[in-house]
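>>> Compute the structure for the input listed below.
(one chain, ligands or ions: 3)
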Amino acid sequence: MKILSAPQIREADAYTIAHEPVSGLLLMERAAAACADWILRRYAGSSRPFYIFCGPGNNGGDGLVIARLLAENGFAVQAWLVAAGNVSPDNLANQARVPFLQKINAPADFPHMEEPGVIIDALFGTGLNRPLDGWVAGIIHQINDQRGRQEIIAIDMPSGLMADQSSKGHACVHARYTITFEYWKLALLLPENGGFAGETVLMPIGLHPAYTAAVQTEFHLTDMEMIRTVYRPRDPFAHKGTYGHALLVAGSYGKMGAAVLAARAVMRAGAGLLTVHIPRCGYEIMQTAFPEAMCETEELASHSAHFDEPFRLRRAPDYDVIGIGPGIGTDPSTAKAFERLLGHWQGPLVLDADALNILSKWPSLMPLVPKLSILTPHPKEFERLFGAAGDHFERLALLRAKAKEWQWYILLKGRFTAMACPDGSVFFNPTGNPGMATAGSGDVLTGILTGLLAQGYGPKAALILGAWLHGKAGDLAAAISPESLIASDIVDYLANAYAEIQQ
Ligand SMILES: NC(=O)C1=CN([C@@H]2O[C@H](COP(=O)(O)OP(=O)(O)OC[C@H]3O[C@@H](n4cnc5c(N)ncnc54)[C@H](OP(=O)(O)O)[C@@H]3O)[C@@H](O)[C@H]2O)[C@@H](O)CC1
Ligand SMILES: Nc1ncnc2c1ncn2[C@@H]1O[C@H](COP(=O)(O)OP(=O)(O)O)[C@@H](O)[C@H]1O
Ligand SMILES: [K+]
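Ligands and ions are numbered 1, 2, ... in the order given. All right, here's what the predicted structure looks like:
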């Protein structure tokens with residue numbers, strides 16, 4: 001699914017008006033009616049009053065239509081026009097159809113909302129062209145002060161939030177729900193900004209499909225269509241060699257759990273064979289916890305420092321992929337072995353956790369990491385590797401720049417994990433939940449990606465499918481309670497996540 005910028009959305013709007021054809025007024029009616037339908041369904045049977053705040057542009061126009069439709073459906077509705085800019089013609093036309101409309105010209109006009117109800121924020125949408133300030137910013141703060149008593153629903157965007165730029169430190173409505181039209185906006189996907197949106201509901205409003213098909217963008221959100229295109233069903237004539245042999249280098253004294261979690265995920269993702277390189281202390285743990293994995297055991301008890309040896313001595317089996325990092329530690333001897341391994345391996349590679357920490361401790365190793373490798377940092381690891389960014393839009397730009405510069409695939413973990421490709425495109429993953437903010441869930445992701453590469457998926461396909469499966473398994477596992485989710489549940493639900501694709 002393409003993610004468009006505010007100017008592209010304006011083009012989509014204009015293209016639809018010209019080519020459907022449809023008037024702007026009718027398009028507004030259609031968009032607002034879709035929102036009103038959603039609201040009517042959500043509050044069916046409720047007697048909560050609606051307090052609707054409308055701005056001067058077309059976002060305000062949507063609010064006016066929603067006010068009329070909710071009132072026609074028997075709800076108690078109050079609506080205010082916040083007179084803060086040039087009034088658009090379609091807004092003006094709809095003002096005339098809301099006889100109960102009142103005006104706010106100053107913070108002192110902010111109404112007292114007696115009963116707990118629902119605030120509809122239709123002040124500003126994608127037409128916001130500068131940070132809100134002065135008395136209008138004051139109105140935003142007054143709306144936010146109501147969060148405890150009123151449920152806030154933002155139309156298209158939380159007012160004050162820029163679609164394509166950072167709004168860090170700006171006055172923004174803090175919504176419970178945001179009903180956004182037709183396309184995701186970049187700001188809704190970045191934690192610093194998207195946090196204002198609450199839960200985002202994507203609402204199709206019938207913009208012209210020809211425009212969407214033709215428009216170019218670097219930013220995409222994974223959807224089911226993409227997943228079904230990427231996913232390759234198992235070959236009925238397959239044997240275990242068909243799905244590859246993975247090497248996983250993971251674990252150290254006290255961190256063998258990371259190795260077990262990642263190993264289980266490699267096999268549950270569908271790899272044919274797995275060898276795990278572990279320190280001696282982990283041998284019985286691994287063989288007992290996960291007998292499906294073969295073990296290559298280090299002579300050292302506490303950590304691994306010789307995993308390059310089979311490659312150096314040309315005794316390594318014909319591996320299809322190496323996954324390295326979970327729980328290996330950053331001992332200099334481990335780093336040395338990593339350096340030597342990079343000298344012997346140019347194939348598919350997944351680097352996570354301590355492999356990334358080794359790279360940030362010894363940046364001279366970075367040029368040795370093969371092109372098209374996958375790196376999976378969480379935000380702190382990303383910062384250690386590539387430096388801090390001023391805000392999350394800058395961090396996204398840095399992510400893309402580094403993926404291009406090094407020709408790596410870099411997966412930056414988060415609510416909407418962002419996967420930057422060497423060509424500069426970025427795919428955001430929609431699945432996952434806060435229950436997955438738990439120790440070991442990243443190790444499971446490393447295992448899944450390694451398992452997919454072993455089966456012959458290319459790095460881009462492995463990323464898109466792997467992040468989606470990981471999040472979907474987490475969602476299914478968290479269905480009862482996100483608090484109780486632990487990383488091994490994600491592995492246990494991988495089969496159910498795959499089943500969702502096959503439905
Ligand atoms: N996508 C679609 O196809 C459809 C989109 N639709 C809807 O249209 C919305 C976009 O509408 P839009 O372009 O009129 O912009 P909008 O967000 O109402 O803001 C513009 C107004 O705000 C003002 N203003 C701006 N910044 C300001 C500031 N900092 N402080 C104060 N004022 C400021 C600006 O004034 P000016 O800059 O001219 O002074 C102008 O008056 C979109 O989000 C969606 O809801 C649907 O109706 C139909 C289908
Ligand atoms: N709030 C959230 N929403 C969606 N996914 C999340 C959320 N919090 C964490 N995750 C996912 O869980 C994983 C956590 O990885 P990481 O921080 O490396 O964990 P660990 O180091 O404990 O294994 C990432 O894939 C991340 O995207
Ligand atoms: K809004």
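>>> who's in contact with the residue sitting nearest the centre point of the chain?
Taking CA atoms, centre = their mean, the centroid of the chain lies closest to Phe416, which sits 1.2 Å from it. Residues near Phe416 by CB atoms under 8 Å, 6 or more residues apart in numbering: 189-190, 194, 221, 428-430. (Glycine included, C-beta is placed from N, CA and C.)
>>> Quick check: Ala487 vs Leu476, distance?
14 Å (CB to CB, to the nearest Å).
>>> quick one, which of those two is more surrounded?
More neighbours surround Ala487 than the other of Ala487 and Leu476, with 24 against 19 (other CB atoms under 10 Å).
>>> In which helix or strand does the nearest residue to Gly323 once chain neighbours are set aside reside?
Leaving aside its chain neighbours, Gly323 sits nearest to Thr450 (3.2 Å; criterion: CB to CB, 6 or more residues apart in numbering). Here Thr450, judged by DSSP states H and E, is contained in helix 441-454.
>>> what's the model's confidence in that helix, averaged?
For helix 441-454, mean pLDDT is 98.
>>> What are the boundaries of the helices in the stretch 251-400 of the chain?
256-268, 283-289, 309-312, 332-344, 353-361, 379-386, 392-406 (DSSP state H, counting those that start in this stretch).
>>> could I get the helix holding Thr450 in PDB with only the CA atoms?
Taking Å, rounded to 0.1, in the frame of the first residue of the first chain, the C-alpha atoms of helix 441-454 are listed here in PDB:
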ATOM      1  CA  SER A 441      11.000 -10.900  20.900                       C
ATOM      2  CA  GLY A 442      13.800  -9.400  18.700                       C
ATOM      3  CA  ASP A 443      15.700 -12.800  18.900                       C
ATOM      4  CA  VAL A 444      12.600 -14.400  17.500                       C
ATOM      5  CA  LEU A 445      12.600 -11.900  14.600                       C
ATOM      6  CA  THR A 446      16.200 -12.800  13.800                       C
ATOM      7  CA  GLY A 447      15.300 -16.400  13.700                       C
ATOM      8  CA  ILE A 448      12.400 -15.800  11.400                       C
ATOM      9  CA  LEU A 449      14.400 -13.800   9.000                       C
ATOM     10  CA  THR A 450      17.200 -16.300   9.000                       C
ATOM     11  CA  GLY A 451      14.700 -19.100   8.400                       C
ATOM     12  CA  LEU A 452      13.200 -17.300   5.400                       C
ATOM     13  CA  LEU A 453      16.500 -16.600   3.800                       C
ATOM     14  CA  ALA A 454      17.500 -20.200   4.300                       C
END
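>>> circling back to that earlier point, adding distance to ligand 2 and neighbour count, write the contacts of Phe416 out as a markdown table.
Converted to a markdown table, the contacts of Phe416 look like this (distance: CB to the nearest ligand atom, whole Å; neighbours: other CB atoms under 10 Å):
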| residue | distance to ligand 2 | neighbour count |
| --- | --- | --- |
| Leu189 | 12 | 25 |
| Leu190 | 13 | 22 |
| Gly194 | 11 | 22 |
| Leu221 | 14 | 19 |
| Phe428 | 11 | 24 |
| Asn429 | 8 | 26 |
| Pro430 | 9 | 21 |
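>>> quick check, nearest of the residues you listed to Ser333?
Asn429 (35.4 Å; CB to CB).
>>> Show me the shaky parts of the chain.
Regions of the chain meeting the criterion pLDDT under 70 are absent.
>>> rerun at 80
For the chain, the stretches with pLDDT under 80 are 240.
>>> domains in it, as residue ranges please.
According to automatic domain parsing, the chain comprises the domains 6-216, 226-502.
>>> Check the offset of the longest one from the chain's centre.
Remark: domain 226-502 is offset 18 Å from the chain centroid, using CA atoms, centre = their mean, to the nearest Å.
>>> Is stretch 451-469 in proximity to ligand 2?
No - Stretch 451-469 is not in contact with ligand 2 by CB under 6 Å from any ligand atom; minimum separation 7.2 Å.
>>> Could I get the buried residue list for that stretch?
The neighbour-count check on stretch 451-469 (16 or more other CB atoms under 10 Å) flags 451-455, 457, 459-469 as buried.
>>> Which residues are in contact with the closest residue to ligand 2 within the stretch 101-250 of the chain?
Closest approach between the stretch 101-250 of the chain and ligand 2, counting by CB to the nearest ligand atom: Pro191, at 8.7 Å. Pro191 makes contacts with 392, 414-415, as judged by CB under 8 Å, 6+ apart.
>>> Would you mind naming what in the stretch 151-300 of the chain lies close to ligand 1?
155-156, 181, 205, 207.
>>> repeat that for 5 Å
Asp156 (CB under 5 Å from any ligand atom).
>>> pretty sure Trp310 contacts Thr275?
Quick fix: residue 310 is Pro, not Trp. No - if you go by CB atoms under 8 Å, Pro310 and Thr275 don't touch, sitting 9.3 Å apart.
>>> And the two? Which one has more around it.
Each of Pro310 and Thr275 has its neighbours counted (other CB under 10 Å); Thr275 has more, 21 against 18.
>>> Enumerate every residue touching the more buried one.
So Thr275 contacts 245-248, 293-296, 317, 319 (CB under 8 Å, 6+ apart).
>>> likewise Ile501?
224, 227-228, 231.
>>> Including secondary structure and distance to Ala71, could the residues you listed go into a markdown table?
Putting the contacts of Ile501 into a markdown table (DSSP: H, G, I helix; E, B strand; the rest coil; distance: CB to CB, whole Å) gives the following:
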| residue | secondary structure | distance to Ala71 |
| --- | --- | --- |
| Met224 | helix | 37 |
| Ile227 | helix | 42 |
| Arg228 | helix | 43 |
| Tyr231 | coil | 47 |
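>>> Return the two entries of those that lie farthest from one another.
Met224 and Tyr231 (10.1 Å).
>>> of those two, who's got more company?
Set side by side, Met224 and Tyr231 show more neighbours around Tyr231, with 16 against 13, by other CB under 10 Å.
>>> secondary structure element for the nearest residue to the more buried one once chain neighbours are set aside?
Closest residue in space to Tyr231, ignoring its immediate chain neighbours: Ile501 at 5.1 Å, by CB to CB, 6+ apart. Using DSSP H and E, Ile501 falls within helix 494-502.
>>> mind checking how far the nearest residue to Pro107 once chain neighbours are set aside is from Asn105?
Nearest non-adjacent residue to Pro107, counting by CB to CB, 6+ apart: Gly138, 4.2 Å away. Per CB to CB, Gly138 is found 12 Å from Asn105.
>>> quick one, which of these two is more surrounded?
Remark: of Gly138 and Asn105, Gly138 carries more neighbours, 16 against 11, as counted by other CB under 10 Å.
>>> For the host helix or strand of Pro7, enumerate the helices and strands it packs against.
Following DSSP H and E, the helix or strand that holds Pro7 is helix 6-19. Packing contacts for helix 6-19, counted by 3 or more CB pairs under 8 Å, 6 or more residues apart in numbering; DSSP states H and E, involve helix 24-42, helix 209-214.
>>> Please repeat the previous calculation with a cut-off of 10 Å.
Contacts defined by 3 or more CB pairs under 10 Å, 6 or more residues apart in numbering; DSSP states H and E place helix 6-19 against helix 24-42, strand 177-181, helix 209-214.
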